[in-house]
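Chemist: 3D, please:
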Amino acid sequence: MNEKEIIDAYARELRLTAVRENLDILSEDAIREQWGCLAFLRRLLEVEVMRRREKSELTRIHRAGFPQMKYLEELERNELPIEGQMILPEVETLDFIREGRSIVMYGNPGTGKKATIITTNLPFTRWEEVLKDKVLCSALVDRLCHKSYLVNMTGSSYRIKETKKMINKYDV
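Modeler: Next up, the predicted model:
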């Protein structure tokens with residue numbers, strides 16, 4: 001076996017798929033551009049790490065079991081209630097995660113809260129109706145709101161707007 005075949009065998013045994021897939025092209029680049037051994041090894045490991053990160057992200061998304069994928073780019077920003085529009089730049093940076101904060105969106109149904117982790121259709125003042133335990137309810141709301149952005153998403157329902165558009169389209 002030549003050197004590439006031996007490296008390929010080791011990479012297969014170690015399950016380094018991206019190393020196996022990129023060995024030929026990166027070794028050719030290394031020769032042509034006169035990379036040193038460490039630069040070549042770094043680039044091989046870099047493609048493996050990138051592949052594993054992408055695969056890990058896809059696996060986490062799949063395991064989360066989202067009923068559908070939603071992206072900020074698809075959001076009709078002008079349809080959001082004003083507080084939702086105002087907080088959107090903060091959400092997009094994801095700085096709130098690094099700061100250990102949450103975003104709690106509350107308001108009536110159909111206003112775009114579904115894409116976030118913590119949402120409620122009931123105001124906090126009505127949570128006791130559901131939980132029936134004032135102490136538990138108070139502790140839960142206190143922990144939920146601590147260091148959180150509270151965003152009022154009260155507004156017109158997307159579903160009602162879409163239904164009206166559909167009716168108007170066929171009522172011509």
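
Chemist: Looking at K164 now. What's its pLDDT?
Modeler: Looking at K164, its pLDDT stands at 83.

Chemist: no wait, G112
Modeler: 66.

Chemist: Would you mark the buried spots in the helix or strand hosting K169?
Modeler: Following DSSP states H and E, one finds K169 within helix 158-170. Of all the residues in helix 158-170, those buried under the rule 16 or more other C-beta atoms under 10 Å are Y158. Any C-beta I mention is one placed from the backbone N, CA and C, and that applies to glycine too.

Chemist: Ok, stretch 72-88 next?
Modeler: So for stretch 72-88, counting by 16+ other C-beta under 10 Å, buried means 75, 80-81, 83-84, 87.

Chemist: Kindly report the same for stretch 40-47.
Modeler: Here stretch 40-47 shows 40, 43-44, 47 as buried, counting by 16+ other C-beta under 10 Å.

Chemist: Filter those residues down to just the ones in strands.
Modeler: The members of the buried residues of stretch 40-47 all map outside strands under DSSP state E.

Chemist: Pick out whichever of the residues you listed sits closest to I6.
Modeler: Using C-beta to C-beta, L44 comes nearest to I6 of these, at 14.4 Å.

Chemist: And that closest one, how far from A18?
Modeler: 8 Å (C-beta to C-beta, to the nearest Å).

Chemist: T120 too?
Modeler: Going from T120 to A18 by C-beta to C-beta gives 43 Å.

Chemist: repeat for C137
Modeler: For C137, the distance to A18 - C-beta to C-beta - is 50 Å.

Chemist: can you list the domains in the protein?
Modeler: 3-64, 72-170 (automatic domain parsing).

Chemist: I'd like to know which elements the helix or strand hosting A11 is packed against.
Modeler: Following DSSP H and E, one finds A11 within helix 3-13. The helices and strands touching helix 3-13, judged by 3 or more C-beta pairs under 8 Å, 6 or more residues apart in numbering; DSSP states H and E, are helix 17-33.

Chemist: Could you give the average pLDDT over the helix it packs on?
Modeler: Average pLDDT, helix 17-33: 97.

Chemist: Residues contacting that helix, please?
Modeler: Here helix 17-33 makes contact (C-beta atoms under 8 Å, 6 or more residues apart in numbering) with 4, 7-8, 11-12, 35, 39-40, 43-45, 47-48, 50-52.
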